[in-house]
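> Fold the following.
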Amino acid sequence: MGGQLEIKLRRSGTIYVIDIKGEMDLYNAFKLKDIVKAMFERNVKEYIINLEEVQYIDSSGIGAILFVFGEMRQRGMALAVAGARGPVKRVIELTKLNGYLPLTTDVNEALAKLRDGKTP
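Next up is the predicted model:
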């Protein structure tokens, strides 16, 4: 595929929202890992991965999300994955990760749960 991927960071208090837009595939999924590794160095502890504008995800994209989730879990950090829709949601369901990943319907729900100390 090799589609376009755009990643932007925004902040809501102490929580960083990682907005992802486009296609997460073999050719660009590493970008998410790179951004999160840089945020680890800044000692950021709460994240939301926003998938609302991701149109396509393959196993490399899923792998990047799982890597980030695993690293954060080991470090005692909080993470929510928000807004998976359409084909992206189907891939997550088919791989049975909807019972493993901390999923929320949207960023607002994720922000509320993280602020309440309830990791989704």
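> Could I get the contacting residues of the residue minimising distance to the centre of the chain?
In the chain, the C-alpha nearest the mean C-alpha coordinate belongs to I49, at 2.7 Å (CA atoms, centre = their mean). I49 makes contact with I18, I20, L32, I65, V68, L79, A80, V81, A82 under the criterion CB atoms under 8 Å, 6 or more residues apart in numbering. For every residue, glycine as well, the C-beta is placed using N, CA and C.
> Just give me the longest strand of this protein.
strand 46-57 (DSSP state E).
> so where's the protein uncertain?
Within the chain, the ranges that satisfy pLDDT under 70 run 1-2, 118-120.
> where do the strands sit along it?
Assigned by DSSP E, the chain shows strands spanning 5-12, 15-24, 46-57, 78-82, 103-104.
> Using a markdown table, lay out the ones you listed together with distance to L114.
A markdown table is the format used below for these (distance: least, CB to CB, whole Å):
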| stretch | distance to L114 |
| --- | --- |
| strand 5-12 | 9 |
| strand 15-24 | 5 |
| strand 46-57 | 5 |
| strand 78-82 | 5 |
| strand 103-104 | 9 |
